[in-house]
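> curious how this folds, go ahead:
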Amino acid sequence: MIRVKICGITREKDALLAAELGAHAIGFIFYPGSPRYLSPEKARKISASLPPFVQRVGVFVNEDPSRIKRIRDLVGLDVVQLHGEESPDVCALFYPRVVKALRIKDEKDLAALSSYRGRVGGILLDTFVRGVFGGTGKTFNWSLAQKAKRSGLPLILAGGLNPQNVEEAIKKVRPSGLDISSGVEITPGVKHPALLKALFERLRPYLVKSF
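The predicted model follows:
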């Protein structure tokens, strides 16, 4: 059984629909270089509209820890997700409510996972694209994800997930969670209601049951 985050949310109606369909978490991106960037003030408004037991996740890239804490408190974030070159020591500042995203190019990159044990609540694996910190729509190499599970860290799978391939990803990798963004979008930051509904229809048998 898995948990699902719909990330790159910029509109309240998309957040509410995702939560209604069964999303366990909603992700806001606070990296100005992202086409899905959302200001903390707008994120705070959307966060306040979400129902109980839906987690609010803030995505940051190489951000100053003090600013992360300010935004976390302003928006009411439950989890911090770090997508840059943040060290295990930086991650530890937010432990255990922190996920470290790693862009994996090949098997050699998996060696870095062990250094995050006891520093993060989970690891998110995303496809490596030079100069891009996630949201590329490129499918992750699932065989690498299978090997990453040997680290013993809770594994969240991202990278090119959509209604057509999500069941196969679950069966092959058996992750703890899924992070989905571009695979349910019309344009960056704008979710497609039909794609969201199709996604959760496929996911229904695998979801951790909400309250």
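> from now on I want contacts and neighbour counts done on CA atoms only, so please keep to that.
Noted.
> surely H83 touches I104?
No. The criterion here is C-alpha atoms under 8 Å, and H83 misses it with I104 at 11.9 Å.
> just the helices in this protein please.
In the chain, the helices defined using DSSP state H lie at 12-21, 40-49, 65-75, 88-92, 142-148, 166-173, 193-203.
> mind listing residues that contact the fifth one?
Right, the one you point to is helix 142-148. Helix 142-148 is contacted from outside by 106-107, 110, 113, 125, 155, 157, 169, 172-173, using C-alpha atoms under 8 Å, 6 or more residues apart in numbering.
> kindly reformat the residues you listed as TSV containing neighbour count, distance to N141 and pLDDT.
TSV is the format used below for the contacts of helix 142-148 (neighbours: other C-alpha atoms under 10 Å; distance: C-alpha to C-alpha, whole Å; pLDDT from 0 to 100):
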residue	neighbour count	distance to N141	pLDDT
D106	11	9	89
E107	12	10	92
L110	20	12	93
L113	18	16	95
L125	26	9	90
L155	23	14	97
L157	26	10	94
A169	21	10	94
K172	12	11	94
V173	19	10	94
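> quick check, central residue of the chain?
If you average the C-alpha coordinates of the chain and look for the closest C-alpha using C-alpha atoms, centre = their mean, you land on D179, 4.0 Å from that point.
> just checking, that residue touches V4?
Yes. Because the distance of 6.1 Å satisfies C-alpha under 8 Å, D179 is recorded as touching V4.
> name the helices or strands packed onto the helix-or-strand element of the chain with minimal mean pLDDT?
Of the helices and strands making up the chain, the lowest-confidence element is strand 122-127, at a mean of 90, by mean pLDDT, DSSP states H and E. For strand 122-127, the helices and strands in contact under the criterion 3 or more C-alpha pairs under 8 Å, 6 or more residues apart in numbering; DSSP states H and E are strand 98-104, strand 155-157.
> distance to D64 for these - can I get that in CSV?
Supplementary listing: these in CSV, determined by distance: least, C-alpha to C-alpha, whole Å:
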stretch, distance to D64
strand 98-104, 15
strand 155-157, 24
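> which one of these lies closest to I29?
Closest to I29 of the helices and strands packed on strand 122-127 is strand 98-104 (C-alpha to C-alpha; 13.1 Å).
> give the contact list for the residue of the chain most remote from its centre.
When each C-alpha in the chain is compared with the mean C-alpha position (C-alpha atoms, centre = their mean), K108 comes out farthest, at 22.8 Å. Taking C-alpha under 8 Å, 6+ apart as the criterion, K108 is in contact with no other residue.
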